[in-house]
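Asker: Quick check, what structure comes out for this input:
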Amino acid sequence: MGYNFCGRGTLIYHPDPRTCAYFSCIANLRSGSGYLVECRDGQYSLTGGHTSACSAHGGVLRTVFSGT
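Answerer: From the prediction side, this is the model:
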């Protein structure tokens, strides 16, 4: 899918539909209104950019980017 955690590329607001087949996503991923982040508990969420991002999952661990 071309995702990285290095800060290179662009923020992911509309992840590939296969994302949750590869990563462990929160149950309501598609209802998120931010960009893709990995929460501290290893779950992935579309709450990046919000003050409450990953609040039920220990907070944000890192942002996911698209591109090489």
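Asker: any low-confidence regions in the chain?
Answerer: 68 (pLDDT under 70).
Asker: Doesn't Cys6 lie inside a strand?
Answerer: No - looking at Cys6 with DSSP: H, G, I helix; E, B strand; the rest coil, it is coil, so not inside a strand.
Asker: Let the chain start at 7 from now.
Answerer: New numbering, starting at 7: the last item is Cys12.
Asker: Could you count how many residues lie near the residue nearest to it when sequence neighbours are not counted?
Answerer: Spatial nearest neighbour of Cys12, excluding adjacent residues (CB to CB, 6 or more residues apart in numbering): Phe71 at 7.1 Å. Every C-beta, even on glycine, is put in place using the N, C-alpha and C of the backbone. Neighbour count of Phe71, defined by other CB atoms under 10 Å: 19.
Asker: what about the strands in this protein?
Answerer: 9-10, 16-17, 41-45, 50-54, 66-69, 71-72 (DSSP state E).
Asker: ok and the fourth one relative to strand 41-45, angle-wise?
Answerer: Strand 50-54 and strand 41-45 are oriented at 120 degrees to each other (axes from the mean of the first three to the mean of the last three CA atoms, to 10 degrees).
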